[in-house]
Every structure is written in structure tokens, then in C-alpha cells.
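Chemist: Next one to model:
(chains A and B)
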Amino acid sequence: MKKLLVVLTILLSLTVLAQEVIKIGAIFPLTGPAAATGVKIKYAVEVAQEIINGEHPEIELLLGKSAGLPNLKGAKVQFVFADHQANPELAMAEAERLIRNEGVVALIGCYHSSATKPASQVAEKYGIPFIAGSSSSAALTERGLQWFFRIAPHDGMETVFFFEYLKYLNQKYNANIKRVAVVYIDNEYGVHAAQMVKEKIKDYQADGFTIVADVKYPASATNVDIEVQKVKGAKPDAIFHASYIGDMTMFVKKYKEFNVLPKVVLSYCGGYQDPQFVINLGKDADYFAGPNATTSALFKKMPILAKINEMYKAKSGVDIDGPTLEDFASAIVIAEAINLAGSTEPQKILNVLKTGTFMAPYFVSGRIKFGPDGQNIYSASVMTQILNGVYEAVWPEQYQTKEPVPQFPEWNKR
Amino acid sequence: MFLQVILTGALIGSVYSLVAVGLTLVWGLMDIINFAHGDMMMISMYTVFWLYTLLKFDPFVSLPISAGITALLGVLIYKFVIKRVVNAPGLMALLATFGLSLFIRNFAQFLWSPNYRFVGESILSGKRIFLADLIIGLPQLAAALGSIVMTFLIALFIKKTKTGKAIQATAQGRDIAELMGVNTEKIYAITFALSGICVGVAGTLLSGIFPVYPEAGAMYGLLAFVIVALGGFGNIWGAFYAGILIGLTEALGGFYLGTQFKYALAFLIYLLVLQFRPKGLFGW
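Modeler: Residues are numbered from 1 along each chain as shown, chains lettered A, B, ... in the order given. Coordinates of the predicted model:
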């Protein structure tokens, strides 16, 4: 009898111990062509884990004050990382493995929309919540999934944002921007962004906007010479880019070489938003623009964001960028949802995600709330433009840290 | 515009050629498939990058060092990987070099992070020549000329020197070459070193144009396989012409049909040629 009691006590304490760690799967491109970004996102998720599990009263977030999840007796959260190498099939396999073998209660990821798509299908199959931080393809929230949520504004919202910004430039600065070229990578993210431009431009034809070039390039291009020549031939006023950091950098180098001088270049959430863009290109990165969930110029105005950035920078050596902050948010939101649900039961977490409003003082929008399709209804973006090597907030005017420049100067006069 | 497209294709093609010439030496002549070929090029790019970042060496100054390092790497790959599997069925060498490729790529990521880096300045960077409407970037032109010169030198070496002839002999019949007193082991090592020099030079010339990151050599490696098969196994000038052909196809097809098809067209030509000339355009 005594022995039995001992065994029972050990078993009981083991389950209590096991309960103290709640596992959440985090699938990102940690190796492969987008590893540069994936590794940075990993740092951001680790910072989120530190904030959740440690005591950080200086960071005024719901889970910052106490160690662990207060409604679950201080249970700690562990993000279990998996690598999809920018490969959708791997993302799917890893999602399956994390749910079945690791016993994760929720998933976050995957940066690439093409990877998020199949991975979230797996989560749907098992009835586990999936929060995408930075994947921006609008198609993701058009699938009618029950268990899928997304924080970043999707490319449909971004496209509208682009046209509104161009209208603002035309009205305020008399920029006379009409001819739009779309340059995009041949994958889920790029192709969908381009589709959105073709769809949304219909609402803006009255404003004189037309598409003059549609340039799709292979995902692993060895060069972009021909692509740039096509763009140049079309003489666009504005170029919309859906590109990652490596290809985007090659494009800028070639724009310079072939002397392409548009008025504005706007980039979907991707390579432009990565601070490496400025490090790689120096002065040549100036005047490029794009929506961003954050910029270092905003740190002065947003103290909580500045503190998060401090922790992040200690790990990564660079300032936090928009997509990374969105994935950071996904980690915080899922932990908050589990805490508010007071349980790791998927259905309860789902109810919180569907109904709750989450405070997000690190975003300009200040909060996150998911609509019926799982899309965050508060767009967290400001339009940024790189001026003298700094991502300045240029629009909307209430967040402006510098005025926009609606014309590329000659490349040799920078 | 047409001329600009042709020029672009030819310039890119000649760099492809040099990468392929390195591969044709080991694959075509020695019948060993080296999947790590593109990764050797990546190592050369990183050599140039670090020499530039730490010691402010211009890529052209780094050229002998980076080519030397990849030559040494070639010899080491032979000594520690290939030599052990060279007599095993062909699949073994293929798997061994495939594993090696993954190792080099991931080790590079571990050492240097996956970030995309650029060699910011060289004596040629940003310089251009304007010929009427044509714009020629000097780094591209230098890369193309360098490739042509290197291909010429390699071809000359194989044709004219005693070692070159020994390489040819070993390629045609290893056992007989051995009977004739050729130290085939040394010949293999030399061939790998030559192959390393080719990718080393190509990587150096490309480092000013192309981002440096752990996967940088992957697509070049893949295209090199196509070019070698297209040009005819072991035929150095064949690889050279095939490289130019692939570059031109990519440029013209990309420009006039749609840039998303540029590689598809290159691979299509390859498939077509193999249907009608299985030994490649210039195969023997």
C-alpha cells in the first residue's frame, strides 16, 4: 500500500510538472534561402517567451508582470521551433510532427504564406489554433478556416494602402503618379500580391492609375537583369515589389546599373522591411518605401516597443523590424489567449481568440482583434520611407516622423 | 533593347560557362558527380567577402587567394570523400557529395549566419560603359572576360601540357592510364584542384554582383549540371558554348515570353537537345 502511494505521488507530481510547461509550436524558415529572416524571427519569439516566463514589470504587457501564465498557476510556455526551409511540404510535415509527437497546444508561423497555408490546414484538421504573424497573402484568410488567425495586414489591405498613399502623394505633392509596374516573386506571396493589384486597381482607375508592366521572376533567380530591363522599358512612375531580401537587393543594384528612376517604389511586407536592406545597400537603399508594422524612428514615441527592441537587439544585434514584430505579437497573443482561457483545451483557446481584444502597445494600432475570417481588423502599418538610412514614418500624417519624398533622384547624386 | 537583352544574356552565360567548365572536368572527364560544386563557389564568395570586410582587399586582389582556397578545398574533397567512394558504384559518390553539399551549406550558415551580404566596393563597382543605347556594367564585363580567359587557359592546359594529357588519358581509361605509368590518384587530385580554381574564379568575379549567402551557389550548381550535359561531357569548349546558349535563352526567353519562364526555357532546351543528341551538342 505504501509503495502504491509513493508511486501515485510520483506520478501525480510528474503530471503537475508536465503541466507546468505548455508547448506551442513555432514553424519558421530557420535554414534555406530565407534563413536570415527566420533566425531573426526566432530571436523575437524567444524574447516573447522570456517576457511571458520571466518577470518584466517594466514591459507593460498582460503577461509581463508575473512569471508564467497567472491563470494556469504560473505555468511556463515553451515555444518548440521547427524549420520549414521555405518549403511548404516541410511546413506541413513539421506541423503534423509538432502536434502529434510534441503535443503542442497551438501553432505559430510560418513567415512564408506558401508554408503557412498547408501548415494551418494541418492545424485545422487536428482542431488546434494557428496564428500567423507576418504571412501576408490574403488567400490565407479567405479559406473559411475555423482555427486560423492572422495578425499582419494582408496584401489586399496593403494594396489599398499603396493606392491611397499614391493618391495622397498626387494630391499633396502634385507627384503625378499614374503608371504602375508590379514586380513579384513566383510564389504564393508574390503571385497573390500581384493578383490583388490587378483587382484593387479597378477601384482606382478613376484616379488615373494603370498597370504598365507585370514582371514575375523565378524564386531562385541567379540574376534579375532581364526583369529590370522589362521594368525600365515600361517607364513606370511607381513600382510595387513583392520580393524577399536577397532578390530585392539584387533588383536595387540593377535599377542603379540600368538607371531606372521611378517616382516611388513600394514594397509588400518582405525584403524591404528587413534592416539588412539598408546595411547591404547603404545610400542606394534611400527613397524606397513600404508599409511597416514598426520602424526604429518610432521607438522614441513608443516606450514599450523600445524596451522590447532592447531585449531583441541584445540577441540579434539589429533593431526589430515589422514582420519580426508581427511574429513576436503572434507569440504574445497565443500565450495571452491560453492564459485567458485558463486552460490548454483548444476549444476554450479558440473562443478567446474569436471574441477577445488583445492589447498590443508595441503596434501603432495599439490592439489586435480578429474578425470572423480570422484577420486582425486593426491594421498595424504605417508607410515608411528610407531617408538617410533610417526608416522614417511618412504616412498617415499623424505618425509622420519625416515628410515623404515622391521622386527618386539621379543614382549618382545621392 | 534587343541588343541589350542579347548582351545581358551573353554576359550571364559566360559566367555560367566557367562554373560549368569546373564541373565538366570532374563529371565529364572523371565521371564523378560532385553535388558540392556550387557550394565550393559559395566558399569562394565568402572568402572574397571576408577579405574585403576584414582586410579591405579588393575582389581582384583576393582572386588568387580565393581560387587557391577552393583549389585546396577541391583536393581535400577528393582526398577525404571521393577517394573513398571512387571505386564503389556511381551512386555512392553521388550521395557522398550530396551530403557534403548539405554539410558545407549548413556549416556556412552556422559560421556566418544566413544573412545576405554584399561586397560593397571594388575598383569596378558601379562603373558602367555606355555604347549608344547599351549599358554595360563593368563588374559584369569583367566577370564575362575573366570567364573566357579562364576557360581558354583550362582548355589549353588540358590539351597542351603533359598533366593535361594524363587527365585525358585517365578519363578515357583509368586502368590503362595506370599501366602506362600515370599516377591516377594524383591526376584525380589535380582535376579536383582545377575544378576548384574554376569555381573559385567564378565565385570571386560574381561576388561583386550577386549576394553572398550560404545558398548562393545552389542555382549556379544546378545550371552547371544542365550546361555540362548540354555541352557534351568532358568537352570544355562545349560547356563554354552551352553556357552562353543557356544565358541567351534565359535572357531572350525571359524578355519576350515572360521572366517567369526563363529557367523553364533553359531546361526545355536541355531536354530537347538530349532527345536528339543524347551526348550533348558537342559531345564525343
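
Chemist: can you list the residues of the stretch 51-200 of chain B near chain A?
Modeler: Within the stretch 51-200 of chain B, the positions adjacent to chain A are B:106, B:109, B:113-118, B:120, B:126, B:128, B:135, B:137 by Cβ under 8 Å from any Cβ of the partner chain. Where C-beta positions appear, they are placed from N, C-alpha and C, glycine not excepted.

Chemist: ok, which pair from those is furthest apart?
Modeler: Spanning the widest gap among these are B:106 and B:135, at 38.4 Å by Cβ to Cβ.

Chemist: where are the low-confidence patches of the stretch 101-250 of chain B?
Modeler: Low-confidence regions of the stretch 101-250 of chain B, defined here as pLDDT under 70, do not occur.

Chemist: who's in contact with residue A:263?
Modeler: Applying Cβ atoms under 8 Å, 6 or more residues apart in numbering or on different chains, one finds that residue A:263 lies in contact with A:169, A:175, A:176, A:177, A:237, A:238, A:406, A:407, A:408.

Chemist: what about 7 Å?
Modeler: Neighbour list for residue A:263: A:175, A:177, A:237, A:238, A:406, A:407, A:408 [criterion: Cβ atoms under 7 Å, 6 or more residues apart in numbering or on different chains].

Chemist: ok, and the closest non-adjacent residue to the residue of chain B found nearest chain A?
Modeler: Nearest residue of chain B to chain A: residue B:114, at 3.2 Å (Cβ to the nearest Cβ). Spatial nearest neighbour of residue B:114, excluding adjacent residues (Cβ to Cβ, 6 or more residues apart in numbering or on different chains): residue A:35 at 3.2 Å.

Chemist: per-residue confidence at that neighbour?
Modeler: At residue A:35, the predicted lDDT confidence score is 86.

Chemist: try residue A:9
Modeler: 52.

Chemist: The one 4 residues further on now?
Modeler: pLDDT for residue A:13: 51.

Chemist: Poorly predicted segments of the stretch 251-400 of chain A, please.
Modeler: Within the stretch 251-400 of chain A, no range satisfies pLDDT under 70.

Chemist: For it, what lies in contact range of chain B?
Modeler: A:257, A:258, A:276, A:280, A:282 (Cβ under 7 Å from any Cβ of the partner chain).

Chemist: Repeat the analysis, applying 8 Å as the threshold.
Modeler: Checking the stretch 251-400 of chain A against chain B by Cβ under 8 Å from any Cβ, the hits are A:253, A:256, A:257, A:258, A:259, A:276, A:280, A:281, A:282.

Chemist: Let me see the contact set for the fourth one.
Modeler: This points to residue A:258. By Cβ under 8 Å, 6+ apart, the neighbours of residue A:258 are A:228, A:229, A:232, B:135.

Chemist: Who wins on neighbours among the residues you listed?
Modeler: residue A:228 (25 neighbours; other Cβ atoms under 10 Å in any protein chain shown).

Chemist: can you map out the strands along chain B?
Modeler: B:128-131, B:134-137 (DSSP state E).

Chemist: Over to chain A?
Modeler: According to DSSP E, the strands that chain A contains are A:21-28, A:76-83, A:106-109, A:130-132, A:148-150, A:179-185, A:210-217, A:238-242, A:264-267, A:288-292, A:357-359, A:367-369, A:382-387, A:390-395.

Chemist: Quickly run through the sheet partners of the fourth one, with directions.
Modeler: Strands flanking strand A:130-132 in the sheet, each with its direction: strand A:106-109 (parallel), strand A:148-150 (parallel) (DSSP bridges).

Chemist: can you redo those strands as JSON lines with mean pLDDT?
Modeler: Below are these laid out as JSON lines (pLDDT from 0 to 100):
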{"stretch": "strand A:106-109", "mean pLDDT": "96"}
{"stretch": "strand A:148-150", "mean pLDDT": "97"}
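
Chemist: In stretch B:85-93, which residues are buried?
Modeler: B:85, B:86, B:93 (16 or more other Cβ atoms under 10 Å in any protein chain shown).

Chemist: Same check on stretch B:272-283?
Modeler: Here stretch B:272-283 shows B:273, B:280, B:281, B:282, B:283 as buried, counting by 16+ other Cβ under 10 Å.

Chemist: and if you look at stretch A:71-85?
Modeler: A:72, A:75, A:77, A:78, A:79, A:80, A:81, A:82, A:83, A:84, A:85.

Chemist: and that stretch, does that touch chain B?
Modeler: No - interface with chain B: stretch A:71-85 contributes nothing (Cβ under 8 Å from any Cβ), its closest point being 10.0 Å away.

Chemist: Which residues of the stretch 51-200 of chain A lie near chain B?
Modeler: So far as Cβ under 8 Å from any Cβ goes, the stretch 51-200 of chain A lies against chain B at residue A:186.
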